[in-house]
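> need coordinates for the following:
(2 chains)
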Amino acid sequence: MADFKLKIRRFDPESAEPAYWADFDVDLPPERSVLDGILQVKDREDASIAIRCSCRAAICGSCGVRINGRSALACNTRIGDAAERGRDGVVTVEPMGNMPVIKDLVTDMEAVHWKKVRRIVPWLVPAEDPPEGQEYIVPAEAMLDVTQAMACIHCGVCVSACLSMEVDPEFIGPAALAKAYRFVGDPRDGEEEARLKDLAEDPHGIYDCTHCFACVEVCPKDVAPMNQIMRLRRRATGDYGIKDQNNGYGHEKAFVEIVERWGTNHEAQLLPRSFGNGSLVRGQLSPSGAKQLTKELPTAIRGLKSGKVAPKKVFFHPKLPDQKQVQRIYHEIESHDERIELNLYIVGELGEDEESA
Amino acid sequence: MPQHDVLVIGAGLAGQRAALAAAEAGASVGIISKVHPVRSHSNAAQGGINAALDPQDSWESHAFDTVKGSDYLGDQDAIEIMCREAPNELLTLEHLGVTFHRDETGHLGKRAFGGASAARTYYVADITGQAILHVLYEQLMKFEEVTRYEEWFSTALVQDDDGRIAGVVTRNIRDGAMELFAAKAVILATGGNGQIYDPTTNALICTGDGIAMAYRIGAPLMDMEMIQYHPTTLAGLGLLITEGARGEGAHLYNAEGERFMEKYAPNKMELASRDVVSRAEQTEINDGRGFPDGTVALDITVVPRKRIHEALREIVNVGRDFAGVDITREPIHIKPGNHYVMGGIHTDVHGRTPIPGLYAAGECACVSVHGGNRLGANSLLDTLVFGRRSGEHAAEAVRGMGMPEPSRSSMQDEERGIQDIVNRDGTGRRVSELKAELGETMDKYVAVFRDEDGLNTALEIVRRLKEEAQNVAIDDKGTVFNQDVLGALELQFMLDNAEAIVISAIERKESRGAQYRTDYPERNDDEWLKHINVSANGAEPELSYSEVTMTQWEPQERTY
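Below you'll find the model as predicted:
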């Protein structure tokens, strides 16, 4: 047994008081969970602390909170580990972010998360009527492929951690978009292209993700929501060539082409190419590209002022010394007929392939 | 007052399936759950769902395995229905979008499970329950005809003057407001009662609410003594390691390195039925051949790593996060732990209870398809087949019926009851203390091995706890998300469940299925091939018997 200090963010909507911190001591072996700690406080000292919890095994997805500022499930975070990471050994627990707080550690998931889930048409729209008296015949890999997204328990931990959503609360977000992949990647669904178009055109859709990995880091079920979003993008651009009003298509094309040519990002060409669906010329000469470029002029000037874009580099961007190597990577990837997608249900933990072989 | 033709309480697999079936049959449907539907404990069903879909297999074979698994206490008419309808139910789920595992031809793939004579368990990795639950919830979001009441806590069923069901009293957890629902039919799908045991694989929400609510208005509870201990749970925490692990080939060893199932079930070995494997493990542990922490070892390392990753991924996580063990490299210590109640509210094959208008389905119900012991992967099937049947039947039965007007006084009674709890002076014991004492008592005396003395001790304690629960102290006086007051109500539900279990276990003076009486170690078909029913009749529970329905399988000696 060991003593741990828990600092819990309390909020009682029925009082006139703002939220405050309350300190508690708990007595638990270090391998037990933060949830066990909170439950011990409820059991012994103060049962008025509100937290949703049920399965204690990271299956039901009820107990999403922030522990020492990091979004996580309370039930699969060891209290000993949390104490090591906490300031002065104190484990702080507060409600998830990006969602309104109802009471103490309980947030309003309906107002945020579930609303976003309903936004993505969250049910299978079969391409054809089910075969009489039997199942749809689909490749085994396709089912394993969507199982990773299916493993999402809708705990909201990624929503809480999402930096894009902090800036744009309307962002559909990591969990709902991962669920979208579950249908897009399902060969039984008939709306793949329509779904992709919808999510690409929505200004709060797949191109609203900033690729920051926060959701991947915090997801307790290894769903890797950002990876699912990137797969939606690859399907939208690579498979369907969906050119969207958010310039997501152009931006991705611009990046790929710039890096292929120079090995590093050519800041001065990124915007014009993005506005021209990847083409530098179209980005500067087409009416819509020129209009958008003019709008972004202040950004460019800020870039010049801050030194992010050097005037010399605008016209001459150096290639990497071993640019040939970069091009060989491109060649290697493009020589495959199919995209190789990593999926934990197929490959196990990353990097253990050689070991198990 | 919200009103619906059919009101479903509980939104796990049975409840959601019932709601969808009733809505498809044209009824106006409401579904109430004390948690968000995807938090329901059906999530925890890992291994899969049984169905004789393969042309090489037959529903009769599935049915016989189930009858034998039940130790001949299952009602064979109900078992036949379940096994006949299993393939269609499975296909319905697949068509709705469940991402079932496929074999290399693209057809549904299956795995072996305990007590089964053929591999007929269909699955999604080891998250089968979760995958089905989420797909049903997708359908609920799609069917706007079904009104969802998420995070509403039901406290009591309301009858009209003739005894017909008229509605339900609930409390909106979000703001503490009491609400009276009117309904022509109510389907209880509130799940099991594992929380009366400690440890248990069951979630904190599994407090037997529906079983107690039905019991309180006179519905008989059947087979309540039949409590399943799952053979592979983590010591201490009670978390579940799926039977799918043994289905994929994992072995059990005692501390002496002996694969002990050879002694108890030489043919089926680790894949004997759960009561048999749990008893074998407990015998090894009791006889001193277990590990010092009171466990035996489950060795999953014999399963190829690639297969573990695609089929047992959740167990890798559970081992890593909750036991600090990498199951792909070393054995994990496990023991039998409380898992499932075979008994419940007695229903017919349409889910009807003897109370007009009241239905029950899933773990809270007892049709009885599981009898003395449930086979792994038959519980998902039970929830879906009988959930659907209840929904369909209820929708048909209430067509053209007028909306009942449940009396407001029933709600006022419940409101007063809650106010009394909130207003208490706080001199009583805490909810958590009573719950801990109950859990410890049940796990000590009403577990794998039972005897008269222990059961009598348990009954005494449960009855004292019932008294004490009347004066239990709570801290939270508020209305918003007051989980404390709900805990006090759940405690009372749990104690009603516990009392019914203990008196049924005392009554059955034989060993059958999950009930093993060391003072009556043999099965006794002459006297005890019958169901025990418990009904509330004023203050004292009343016991009665009902016949086991036999169709084509006479009781035989049961070996694996």
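
> ok, A:Leu105 touching A:Val93?
Yes: using Cβ atoms under 8 Å, A:Leu105 is in contact with A:Val93, at 6.6 Å. Glycine gets a C-beta too; all of them are placed from N, C-alpha and C.

> need the residues touching each of these two.
Here A:Leu105 and A:Val93 have A:Ile8, A:Arg9, A:Ile38, A:Val65 as joint contacts, going by Cβ atoms under 8 Å, 6 or more residues apart in numbering or on different chains.

> quick one: which two of those are the most distant?
Distance extremes for these: the farthest pair is A:Arg9 and A:Ile38 at 11.5 Å, using Cβ to Cβ.

> between the two, what contacts are shared?
A:Val93, A:Leu105.

> for the stretch 101-250 of chain B, what lies in contact range of chain A?
Near chain A, the residues belonging to the stretch 101-250 of chain B are B:101-109, B:124-125, B:127, B:130-131, B:134-135, B:138-139, B:141-142, B:150, B:174, B:203-205, B:237, B:239-240 when assessed by Cβ under 8 Å from any Cβ of the partner chain.

> contact partners for the nearest residue to B:Gly176 once chain neighbours are set aside?
Excluding the flanking residues, the one nearest B:Gly176 by Cβ to Cβ, 6 or more residues apart in numbering or on different chains is B:Thr479, at 2.9 Å. Residues in contact with B:Thr479 (Cβ under 8 Å, 6+ apart) are A:Glu14, B:Asp175, B:Gly176, B:Ala177.

> likewise for B:Ile9?
B:Gly15, B:Ile31, B:Ile32, B:Ser33, B:Ser154, B:Val168, B:Val186, B:Ile187, B:Leu188, B:Ala189, B:Thr190, B:Gly210.

> tell me the SS of residue 147?
Because you didn't say which chain, this covers chain A. Following DSSP: H, G, I helix; E, B strand; the rest coil, we place A:Thr147 in the helix state.

> wrong one, chain B
Strictly by three-state DSSP, B:Thr147 counts as strand.

> OK, contacts around it?
Counting by Cβ under 8 Å, 6+ apart, B:Thr147 touches B:Pro2, B:His4, B:Ser28, B:Val29, B:Gly30, B:Ile31.

> helices of the stretch 1-150 of chain B, residue ranges please.
Using DSSP state H, counting those that start in this stretch, the helices of the stretch 1-150 of chain B run over residues B:13-24, B:59-69, B:76-96, B:128-142.

> highest mean neighbour count out of these?
Per residue and on average, the most neighbours among the helices of the stretch 1-150 of chain B fall to helix B:13-24, with a mean of 30 (mean count of other Cβ atoms under 10 Å in any protein chain shown).

> between A:Arg9 and A:Ile38, which one's more packed in?
A:Ile38 (26 against 17; other Cβ atoms under 10 Å in any protein chain shown).

> element containing the more buried one, please.
Assigned by DSSP states H and E, A:Ile38 falls within helix A:34-44.

> repeat that for A:Val26.
A:Val26 is located in strand A:20-28, with elements delineated by DSSP H and E.

> from the contact counts, what lies against that strand?
strand A:2-10, helix A:34-44 (3 or more Cβ pairs under 8 Å, 6 or more residues apart in numbering or on different chains; DSSP states H and E).

> quick check: residues of the stretch 101-250 of chain A near chain B?
Taking Cβ under 8 Å from any Cβ as the measure of proximity, the stretch 101-250 of chain A contacts chain B at A:102-104, A:106, A:109-110, A:117-118, A:122-124, A:126, A:130, A:133-140, A:142-144, A:146-147, A:150-151, A:153-154, A:182-183, A:186, A:188, A:221-222.

> just the buried subset of the residues you listed, please.
Neighbour-count burial (16 or more other Cβ atoms under 10 Å in any protein chain shown) applied to these gives A:102-104, A:106, A:109, A:117, A:122-124, A:126, A:135-136, A:138, A:140, A:142-144, A:146-147, A:150-151, A:153-154, A:182-183, A:186, A:188, A:221-222.

> mind checking which of these are in helices?
Using DSSP state H, A:Val117, A:Ala140, A:Ala142, A:Met143, A:Leu144, A:Val146, A:Thr147, A:Met150, A:Arg182, A:Phe183 are the members of these that sit in helices.

> still on that earlier bit, make sure I have this right: the residue nearest to B:Gly176 is in a helix.
No: B:Thr479 is assigned coil when assessed by three-state DSSP, not a helix.

> got phi/psi on it?
Dihedral pair for B:Thr479: phi -110, psi -30, per degrees, to the nearest 10.

> how close does the residue located most distally from the centre of chain B sit to B:Ala473?
Most distant residue from the mean C-alpha position of chain B: B:Asp425, 36.0 Å away (Cα atoms, centre = their mean). Distance from B:Asp425 to B:Ala473, counting by Cβ to Cβ, to the nearest Å: 8 Å.
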